[in-house]
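> sequence below, structure please.
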Amino acid sequence: MQIEVYQRGARIFAGELPAGLLCGRQGNEDPQPCTIVADSDPDVKSTHRMIFAPKTMRFISRRQFCLTRRSEHEIAVRNLGQKNHAEIRLRQGPSLKPDEERVLEIPFTLSFDQYEFTCLGSADSDEGDETFDTIPIAQPGLLGGILDIEQGLSESLFTGTAGRQFDADAYEDMLCRLQGVVQVVQLAASSSNFLQQVVEATCKIADLERVAVLMRKGERWRTEASASTVPATTAWQPSATILSRILKSERTLYRKPPSSSGLADSLQAIESVVASPIRNRTGQIIGVLYGERQSAGRPLGRLEARFMEILASGVSAALTRVEEESKAIQAQVCLQQFVTPEIARYVQEDPALLHGREEEVSLLFCDISGFSKIAHAQGPATTVEWLNDVLQELSLCVLHQEGTLVDYGGDEIFAMFGAPVSRPDHARRAYAAGLAMMEAIPNLNMRWQTRLGASTSIGVGINSGKVLVGNVGSAIKLKYGAHGNHVNLASRVQSATRFFQVPFMVTEATVQQLDEDTPKRRLGAVRVKGIASPVQLYELRDGPSATWQAMAAEYEGALACWEQNDVEQAMRKLSHLTSEHPEDGPTLALLHRALAAWNAKSAAEAVWELPSK
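Numbering: from 1, shown residues only. Have a look, this model is predicted:
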């Protein structure tokens with residue numbers, strides 16, 4: 001059995017499917033993604049583990065789903081995600097919800113976020129069929145496909161068995177073919193006759209007498225472009241047998257010279273035929289690059305099939321680019337560039353998204369610490385250049401987690417996760433974006449610290465809850481965003497980072513939607529300006545040291561004493577912490593409050609009334 005993995009339509013892995021395969025993101029000690037390692041897990045009966053996503057994608061679990069063989073034709077798929085993880089979508093049938101298992105017949109395709117997994121059985125490879133053959137799955141990309149031609153090169157460039165004499169003519173021919181492949185995949189996809197250029201070039205590169213691009217429309221196939229080097233005696237039709245087998249195997253397929261008659265449909269009059277699937281951005285087959293050779297004594301082989309596969313991949317990429325460019329242009333015209341590109345894309349597909357509605361989201365505010373001081377010292381030109389660079393890096397952290405950039409307010413970024421497209425894992429995405437922002441700061445300081453004479457630092461605050469989302473602008477100028485108390489609270493959480501002297505804080509509502517083992521420290525309850533109810537705040541970290549974890553546990557112990565009005569015991573614990581961690585902001589802030597209460601002989605105030613916004 002074979003498994004293929006695609007990311008945004010590009011194949012990133014292909015190989016044998018073990019008896020039990022646990023799939024998820026990369027851990028700190030794991031190899032790079034697109035890797036299968038031997039790692040048994042008795043809980044899900046897996047013998048191997050596939051790492052398909054990098055560790056930065058924290059909304060994907062290390063144990064996301066499991067594939068278990070039930071028979072030669074069936075695979076059990078189990079979604080191991082929690083309730084706030086995304087569902088696993090199936091090409092046929094309803095989605096697989098978290099903690100749900102379903103037995104699927106091979107072949108099948110499932111998708112999770114930007115990834116798509118296709119399982120193929122031995123029957124899908126046409127093994128044992130003397131008439132048809134498939135080629136081994138190619139490495140992803142143009143370079144990988146060219147490397148896969150190496151075996152064909154060896155067979156074509158050397159002749160004879162004694163001394164394996166080099167065939168210079170074959171070598172020159174091969175160079176010309178490879179040059180043609182590169183030229184085809186580099187053709188401007190926006191060209192009005194792009195597909196016609198492809199079929200004409202493919203005739204020469206693969207030495208075929210007829211080539212066509214066939215696009216699938218429902219259950220029917222339509223010829224979009226064709227080229228032929230021989231005159232047609234009758235109305236030409238592609239082989240229905242080949243097209244049917246392509247849809248079943250989802251691989252490049254070629255017909256070897258027949259050893260017997262009685263073949264179905266139009267194959268009877270054809271010596272050789274080869275076809276390779278054309279895919280859309282999600283990996284689904286939307287068309288076929290189809291070729292025929294009718295000359296007797298010149299059968300097609302794997303080399304021609306591999307050329308066809310590379311060329312079909314080039315067509316897939318080009319058509320995807322045309323589609324994306326067309327949508328982007330339509331969205332820009334429709335919205336007159338009043339909104340961000342990602343919002344324009346969604347709204348162009350579904351204009352109703354602009355209408356106001358309630359949505360559960362996570363809201364992120366990020367502010368540059370000490371911005372005014374640096375701006376005053378540097379002047380406007382340097383400040384704008386520095387600010388643009390910082391906002392660019394931090395904005396990419398949001399976009400990589402498919403968040404929405406709602407607004408910029410001077411040196412502040414306001415982002416939202418979970419709208420306009422609803423996402424059950426919005427808190428995980430916001431958390432991952434916040435961590436990525438923290439990780440971006442060292443590189444920014446390498447570029448700017450010497451020039452500014454000061455380091456760049458940020459404060460990030462996140463809150464989750466139901467808000468009103470939609471066009472909060474006007475008919476004159478669109479502004480997609482959010483309204484409600486949870487927006488105000490998220491902004492206040494970001495402002496509170498300077499009181500606790502920590503860079504990354506979230507509310508309890510966000511923490512409740514993260515994994516239990518997420519590294520965190522409860523900082524205590526606060527009441528912020530404009531919000532009547534107190535809120536519990538937490539500091540988040542990424543892979544903290546054992547020293548930090550021990551410090552966090554001691555701090556939370558002191559905080560518990562303070563909340564129980566045991567001021568003296570809280571002071572003892574905090575004094576011990578300050579001796580070992582003299583620069584820890586939360587410890588210093590709580591100790592200051594405890595000393596004030598001790599000197600005033602007053603009770604401990606469990607809720608900290610923050611002095612300002």
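
> mind listing the helices for the stretch 251-400 of the chain?
302-335, 341-349, 371-378, 380-400 (DSSP state H, counting those that start in this stretch).

> quick one: which of the ones you listed is nearest Gln501?
helix 371-378 (16.8 Å; Cβ to Cβ). The C-beta positions use only the backbone N, C-alpha and C, and glycine is treated the same way.

> which helices and strands does that closest one pack with?
The helices and strands touching helix 371-378, judged by 3 or more Cβ pairs under 8 Å, 6 or more residues apart in numbering; DSSP states H and E, are helix 380-400, helix 426-452.

> tell me what angle the longest one forms with helix 371-378.
Read it as helix 426-452. Angle, helix 426-452 to helix 371-378, by axes from the mean of the first three to the mean of the last three Cα atoms, to 10 degrees: 20 degrees.

> buried residues, helix 426-452. List them.
Across helix 426-452, burial judged by 16 or more other Cβ atoms under 10 Å covers 426-438, 440-441, 444, 448, 452.

> stretch 538-546 too?
With burial defined by 16+ other Cβ under 10 Å, the residues of stretch 538-546 counted as buried are 538-542, 544.

> and for stretch 364-381?
Buried, per 16+ other Cβ under 10 Å, within stretch 364-381: 364-368, 371, 374-375, 378.

> got a list of contacts for it?
Under the criterion Cβ atoms under 8 Å, 6 or more residues apart in numbering, residues 383, 386-387, 390, 394, 398, 403, 410-417, 430, 433-434, 437, 452-454, 456-462, 490-491, 493-495, 498 lie in contact with stretch 364-381.

> mind running it again at 7 Å?
In this structure, residues lying in contact with stretch 364-381 by Cβ atoms under 7 Å, 6 or more residues apart in numbering are 383, 390, 394, 411-415, 430, 433-434, 437, 452, 454, 456-462, 490-491, 494.

> what about that stretch, how long is it end to end?
Between the opening and closing residues of stretch 364-381 lies a distance of 28 Å (Cα to Cα, to the nearest Å).

> for stretch 503-514, same thing?
So stretch 503-514: terminal residues 19 Å apart, Cα to Cα.

> and that stretch, what's its mean pLDDT?
Averaged across stretch 503-514, pLDDT comes to 97.

> kindly report the same for stretch 594-603.
Mean predicted lDDT for stretch 594-603 stands at 94.

> now stretch 415-433
93.

> what sits up against that stretch?
The contact list for stretch 415-433, computed with Cβ under 7 Å, 6+ apart, reads 56-59, 84-86, 343, 346, 353, 359-364, 397-398, 401-406, 462, 464, 469, 480, 482, 510, 513-514, 540.

> ok, stretch 20-40 next?
The contact list for stretch 20-40 (Cβ under 7 Å, 6+ apart) reads 5, 12-13, 15, 41, 44-55, 57, 60-68, 543.

> restricted to strands, list these.
Using DSSP state E, the members of the contacts of stretch 20-40 that fall within strands are 5, 12-13, 15, 41, 46-53, 65-68.

> distance to Glu609 for the helices of the stretch 251-400 of the chain - can I get that in TSV?
Formatted as TSV, these follow (distance: least, Cβ to Cβ, whole Å):
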stretch	distance to Glu609
helix 302-335	44
helix 341-349	38
helix 371-378	25
helix 380-400	31
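
> before we move on, the earlier item: out of the ones in strands among the contacts of stretch 20-40, which end up buried?
5, 12-13, 46, 48-53, 65-68.

> okay, and the nearest residue to His576 once chain neighbours are set aside sits in which element?
Among residues not flanking His576 along the chain, Glu554 sits closest, at 7.5 Å (Cβ to Cβ, 6 or more residues apart in numbering). Element membership of Glu554 [criterion: DSSP states H and E] is helix 546-563.
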